[in-house]
Structures are given as C-alpha cells and as structure tokens.
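[1] Sequence plus predicted model, see below.
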Amino acid sequence: MARILISDPLHPAGIEILRTSGADVVQLSPEEHDQLASIIGDFDALVVRSGTRVTADLLRAGEKLRVVGRAGIGVDNVDVKTATSLGILVVNAPTANLISATEHTWALLLALSRNVPAADASVKAGEWKRKKFLGRELQGKMLGVIGFGRIGQQVARRAQAFGMQVIAFDPYLDQAVAERLDVELLALPELLPRADVITLHTPLTEQTKNLLDAEQLALMKPDALLVNCARGGVVNEAALLEALDEDRLGGAALDVFSVEPPESLELARHPKVVVTPHIGAQTKEAQERVATETAKMVLAALEGSLAVTAVNLPFTDTGAHGERFLHLGEQLGRLASSLVEGGLRRLEVDLWGLEDELRVPVSVAVLKGALTPFLGEAVNYVNAEGIAESRGVEVVRSTHQSGSDYPHLIGVRLSAEQGGIDLAGALFGERDPRVMRFRGFALEFKPEGRLLVVENLDVPGVVGKLGSLLGGAGINIADIHLSRSRQKEYAMAVLRLDQLPDEELLATLSALPEVRSARLVDLEGSRAGG
C-alpha cells in the first residue's frame, strides 16, 4: 500500500480520490509542517502546493519517495533537477486552472484600462469624480502575449473577440500553431515596441527570470499596459517601478510578486498599478480541478503509468498506443542486457517506421531496460539518461522511415566489456510484443516471463535432452522456439519456463556436449546467472 503525504491544504475532492484508492494518506496540519523533513522518509509520494519548498535536502530525506505532486502549474518551489537525479517523478496539473487564470488576466486588464479599483474606492469614499477616471478601449489595440502556451492561447482568443490584434513571443512554439490562431510570432525586441498591452504567461526559470528588465521595459510604448498573472520574478520589479515613476509606462496589473507577500508595498501602492494577492487560480472550479487532477496523476505515477503530466520525463505523454512500444523497447533492452557480461559500453537503438513523437520515448525505454538488470528499481524513465551518462554508456539512436520487413521495428545492439548482442522486436497487430531477430537468428518469441536461452550445435537430440533434464527437475516448458543458422552449424532455442531452474541444473544444462551456452533470463524479476 502506497503512503502519500500532503503538506499543504488540498481540496477535499483530491484527498477523497487518494483515500479511495486504498493509499495511506497523511495530511499535515500547519502546526505539523515543521516535521516534514523528519517524516518524509516513510512516504512514497508527496503532494504540495505553493506553501512547501521541496528542496534538495527534503528530496534526499525522502528515501522511499517516487513521486512529487505539485497541485498547480508552477514548479518553481520544487528542485526538479535534484528530483530528476534521484529518479523522482514530478507531476503537476497544468490545465486545471487554465480558465481561471485566463479570466483573471482579463479581469485585471479591464480593471486597469478602465480604472475600476480607483473608481470603486472613490465612490465608496463619497466622491463622484467621473472625469478623473478617463479610461481606454481595447478594441483595435495590439496585444502582445509573452509565452504562448495553453493560457496564452486562451487569452489570445478572447482578445480577438474584443477586436484586438495579437502578436506573440515564444521561442518554443511551432509557427504552425501561431498561424492557425491568426497570431503573428515575433522576437521579443520586435514585439515590445508594437504592443499596446503586454501580458505574461511564462513559468519562472533561469531563462525567464527578469525577462522584462530595464532594457526591455524601455522598448515598450510610454502608454502601454503590462499584465502579469504568470510568476513573480519574470518582471524586474525595481525596473518596473522606475518606469512607472518616470511615466515611461501607462500602468501595470499584477497578481504575482517575486516575494509573496511583497516585502515592500511601494509598487503595489503605486497609483498606476492594480494588484491582487496571487488569486489567478482561486476559483471554486479551479481548486477542485487542481486537486483532483493532481491526485489522479500521483496515483497513476505510483502505478507506473507514463500517461501522466510529468515535468521531468524526457518526453511527453505517449498515450496508450505509445506505451505499448515503450513496453516492447524496455523488454528488448532488458533481454539484451541480461545476456551480456561486464559493464555496458554502448547501446545502439535502431527505429524503423515509428512516429516522430515516439522516437525519443522508445529510445529511453530501451535504455531503461538495459540498465535495469544491473540497477533494479534505482533506474527509471526520469533518470535513465543521466545514469547512462554518469557511467560512460554511449547511447546512439538511428531512425528510418521504412525499409524493414515490418511496419514498425525496434532494433537493439548492445556492447559490453565482454562481447555484445543484437536483437529486434515488433508489435503484432499493434499490441502483441514479439522478438523477431535474435543474435543473427530468425527467431520469433514473446519477450516476457522466464526464458532459457540455449545456443547449441545443430545436431539431433538436443531438444530431447533439454526437455528430459527440465522435466526431471519438475520444471514445465510453457513454449519453445527454435531456429538454425543458414549454414546449419548452430541452432538457437528459447524456452519459456513455468518455474526457475536452480544453479545446479543450469550448470548441468550448460555442460551438455552439444550446448555452447545456456543462459536464464527472468523478465519478471532481476538478472539471473548461467
């Protein structure tokens, strides 16, 4: 039974999903928060919001930790780099507050452009000064969206409904996406001078910290409006205050600050600034969605599913179709690694006919499988590439559109200190995993279960001797697959067994005069000898 620790307040709907799964769920009270580091070692998963800083030390203290669930979009309070090195999956809920954040962006922009907060305060103070609150229309204006992901795109759609033109900056965006939404994609220095309104929708990273500094703010129109519902720290607050003081900017609306709550209220109290206390996701609907989506992601990750919104997987969700290829790749890598001696040196993955989005995931799956017989559960999809690099294992991937005898084929060539091996596999009917080529033999079998791999002289009686020895030891043969070399000098047999033979029986099989090698591979467990 998995143990899950919740360190920040979470909507009851999310807690209920976790508890209904049968997991042991512990929720810390605010008074117990100081105990987090001392108790986390007993838990498989940690669920946090923005109130908990998941530091490197905290992650290392989580000796059993496999998953960190961040209930929300931003993960700047999680040391993702350390989590990755420790093989801890970091999942979040990037779409849960999509609508809430989008609508709050517009709430702030409209409040700023029409002086709503100041006008409200004036009336409540008994005043009626209509001329004091001259606003501006948005129709016909140019909106610059910095960060054109899910939220940025939703903001753009609403801007077009307001009759605004939209330009965007996003170095990772496919041009086709912008064109489909009728949005012009520009470099940041080109966007800033053209926009009447700038809205930010980027995470806080080393690349985006102080993205809008004094130099960038100086490129904006002197009457432009700036809205930040993304992350504090993306805008240099000192530079923003100076630009407002010097009338080099028309106004700003901020839901986030670099330090929350802000240590100085000078910017928040500026007459050209509208502020809210980081409430972009604070709607009833968003809070429930954040909690339920995160809970489902954490449970799926604990069960080993790759159909999760993971921050530190080296690839995106592959879906059920992709997971079948990942499983095949992992089994091929594991089978190959179990049949070589000594440390791994080089892994070559040859991919035929696979979709572009599956090439990296399948390569990582083969690598994970190849490392598993040596490292067990210490290796996973998160840290496989880092482990390979640290151990000096060279990984080479080759891709081909067609040319194989099969629509999709995964070839694996593994070199170790003592020899190497090559094999290939495919999916039958897009579902059934099969090895199709094995050590140069045209040999077909399923890469699963307990396999006895025998290479022998191509002479009569070998299969009978193998069957007699195994039967005499009470070991049943589930199925057997045979092939011979073209020269008919050697033959290969792969036997799937219902029980595992002991070392003595394996030695007896290997000692048969016709047998060149007999190796046992347990694809249900760890590496076996032979």
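    Sure thing, it's come through. Numbers count the residues shown, from 1 in each chain.

[2] C-alpha only now, for contacts and for neighbours.
    Noted.

[3] where do the helices sit along the stretch 201-350 of the chain?
    Secondary structure of the stretch 201-350 of the chain (DSSP state H, counting those that start in this stretch): helices at 214-217, 237-245, 284-302, 319-338.

[4] Single out the most deeply packed of the ones you listed.
    helix 319-338 (a mean of 23; mean count of other CA atoms under 10 Å).

[5] what pairs with L351 across the strands?
    T399, I410 (DSSP bridges).

[6] got TSV for the helices of the stretch 201-350 of the chain, with mean pLDDT and distance to W106 too?
    Converted to TSV, these look like this (pLDDT from 0 to 100; distance: least, CA to CA, whole Å):
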stretch	mean pLDDT	distance to W106
helix 214-217	96	21
helix 237-245	97	20
helix 284-302	92	16
helix 319-338	88	34
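
[7] would you list the ones you listed in CSV and tack on distance to L267?
    Output for the helices of the stretch 201-350 of the chain, formatted as CSV (distance: least, CA to CA, whole Å):
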stretch, distance to L267
helix 214-217, 15
helix 237-245, 6
helix 284-302, 28
helix 319-338, 46
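
[8] Nearest to K129 among those would be which one?
    helix 237-245 (23.5 Å; CA to CA).

[9] what's the closest one packed up against?
    On a contact count with 3 or more CA pairs under 8 Å, 6 or more residues apart in numbering; DSSP states H and E, helix 237-245 meets helix 214-217.

[10] Could the C-alpha coordinates of the helix it packs on be exported in PDB?
    Taking Å, rounded to 0.1, in the frame of the first residue of the first chain, the C-alpha atoms of helix 214-217 are listed here in PDB:
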ATOM      1  CA  ALA A 214      15.000  47.900 -17.500                       C
ATOM      2  CA  GLU A 215      16.300  47.400 -21.100                       C
ATOM      3  CA  GLN A 216      13.300  45.500 -22.200                       C
ATOM      4  CA  LEU A 217      10.800  47.800 -20.500                       C
END
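
[11] Run through who's touching it.
    Helix 214-217 has contacts (CA atoms under 8 Å, 6 or more residues apart in numbering) with P189, L192, N236, A239, L240, A243.

[12] now do stretch 292-311
    Contacts of stretch 292-311 (CA under 8 Å, 6+ apart): 2, 13-15, 17-18, 21, 44-45, 66-72, 80, 89-94, 96, 316-320, 323.

[13] Return the members of these classed as buried.
    13-15, 17-18, 44-45, 66-72, 80, 89-94, 96, 316-318, 323 (16 or more other CA atoms under 10 Å).

[14] and of the helices of the stretch 201-350 of the chain, who's closest to G461?
    Checking the helices of the stretch 201-350 of the chain against G461 by CA to CA gives helix 319-338 as the closest, at 27.0 Å.

[15] Would you mind pulling the contact partners of the closest one?
    If you take CA under 8 Å, 6+ apart as the criterion, helix 319-338 is touched by 306-307, 344, 358, 361-363, 365-373, 410, 412-414, 421-427, 430-431, 433-435, 447-448, 521, 523, 527-528.

[16] hang on, the earlier thing: of the helices of the stretch 201-350 of the chain, give the one that comes closest to V25.
    helix 284-302 (11.2 Å).

[17] before we move on, back to that, how about the helices of the stretch 201-350 of the chain, which one is nearest V123?
    Nearest to V123, of all the helices of the stretch 201-350 of the chain, is helix 237-245, at 25.1 Å by CA to CA.
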